[in-house]
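**Q** For reference, the sequence and a predicted model appear below.
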Amino acid sequence: MPELPEVETIVRGLKTFVPGKTVRRLEVRHAKVAARHGTQAFQNLLTGQTFTGVERRGKFLHFRFSSGFSLVVHLRMTGKFIVHTHGPVPDHPHIRLVFLFTDRTALIYSDLRIFGSFGVYRPEERIPEFECLGRDPVTEKIPAEWFLSQCRQRSIPVKVLLLDQKVLCGIGNIYACEALFRARIDPRLPARKITLKQAALLLREIRAILKLAIRHNGTSVSDFRNVDDKTGGFQKLLKVYGREGQACPRCRRTTIRRIKQAQRSTYFCPKCQGTRPSLDR
Ligand SMILES: [Zn+2]
């Protein structure tokens, strides 16, 4: 699933392409992507619109049009955008949506499992997707005291709290594991037991890992591709994620363990992220 760095990478790619493009025709190749509006209404809403820009909000893509309309997209598991600059759009079975532009270029949306979501909003409409989004660790300088106050209210493990988009938005499973490893915090530690020092350290490491991932164009552990269809280069730098049974890259004496937390795999080093020192605090 694309996480914040992947979405940021996609948005940066799209920023160089979509502004100024006018939709000549919208081809809906699978009705499910337009399900919220219905195919005909979806096409009517977007045909003739001119893109002015695109930005990331959490893991959502927020496209803006000169009319003041917004298009809000979540890629979910397997959604991706592909920029198409010349020739006819291919007939690939995973292509669900094609924005054909007046300059004869196109923006292709491909999605193997079709969990991605598309919502069009008029200028005066509220955008519910953004209303419950938490703070963005990449674009905002988040005070440790604020993060600590969020943690103090919850008895769930700190790893599970990191996945809650209403607190911090954009962190998924991979970066939650990596940030906790870098901050040497046990993923099982109840969030309410975290100290101010740990909260500050964790925020710093979250920011660092996400920025590093953005610089490396995101992670590609499943089938993520950025808009130019280049594979993300970050997976080589992952220290614990997907490394169960391998030696810990920091202490080298302990093997990385995998446990289940809230139906997701957590990878950690039981020694470096020792239970005892942090749980006793
Ligand atoms: Zn270790």
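**A** Ah, there it is.

**Q** How about the residues of the stretch 101-250 of the chain by the ion?
**A** For the stretch 101-250 of the chain, the residues in contact with the ion (CB under 5 Å from the ion) are 248, 250. For every residue, glycine as well, the C-beta is placed using N, CA and C.

**Q** Which residue is the nearest non-sequential neighbour of the residue in the stretch 101-250 of the chain that the ion sits nearest to?
**A** Per CB to the ion, Cys248 is where the stretch 101-250 of the chain lies closest to the ion, at 3.0 Å. Setting aside the residues directly before and after it, Cys248 is nearest to Cys269 in space (CB to CB, 6 or more residues apart in numbering), at 4.0 Å.

**Q** Quick check, pLDDT for that neighbour.
**A** Cys269 is assigned a pLDDT of 97 by the prediction.

**Q** count of residues packed around it?
**A** Using other CB atoms under 10 Å, the number of residues around Cys269 comes to 25.

**Q** about what we covered before: give me phi/psi at the residue of the stretch 101-250 of the chain closest to the ion?
**A** Main-chain torsions, Cys248, degrees, to the nearest 10: phi -60, psi 130.

**Q** again with Phe147
**A** Per degrees, to the nearest 10, the residue geometry at Phe147, taken as phi and psi, is phi -60, psi -40.

**Q** Pull the contacting residues for the residue lying closest to it once chain neighbours are set aside.
**A** If the residues on either side of it in the chain are set aside, Phe147 comes closest to Ala199, at 4.8 Å by CB to CB, 6+ apart. Ala199 makes contact with 144-145, 147-148, 151, according to CB atoms under 8 Å, 6 or more residues apart in numbering.

**Q** again, but for Phe101
**A** Contacts here follow CB under 8 Å, 6+ apart; on that basis Phe101 touches 21-24, 107.

**Q** Helices of this protein, residue ranges please.
**A** Across the chain, reading from the start of the chain, the helices by DSSP state H fall at 4-15, 39-46, 128-131, 144-152, 158-162, 173-182, 196-215, 275-280.

**Q** and the ones you listed, which is most packed in?
**A** The highest average neighbour count among the helices of the chain, using mean count of other CB atoms under 10 Å, belongs to helix 173-182 at a mean of 25.

**Q** what separates stretch 245-263 from the chain centre, distance-wise?
**A** When C-alpha coordinates are averaged (CA atoms, centre = their mean, to the nearest Å), stretch 245-263 and its chain have centres 24 Å apart.

**Q** Report the mean per-residue pLDDT for that stretch.
**A** Model confidence over stretch 245-263, given as mean pLDDT, is 96.
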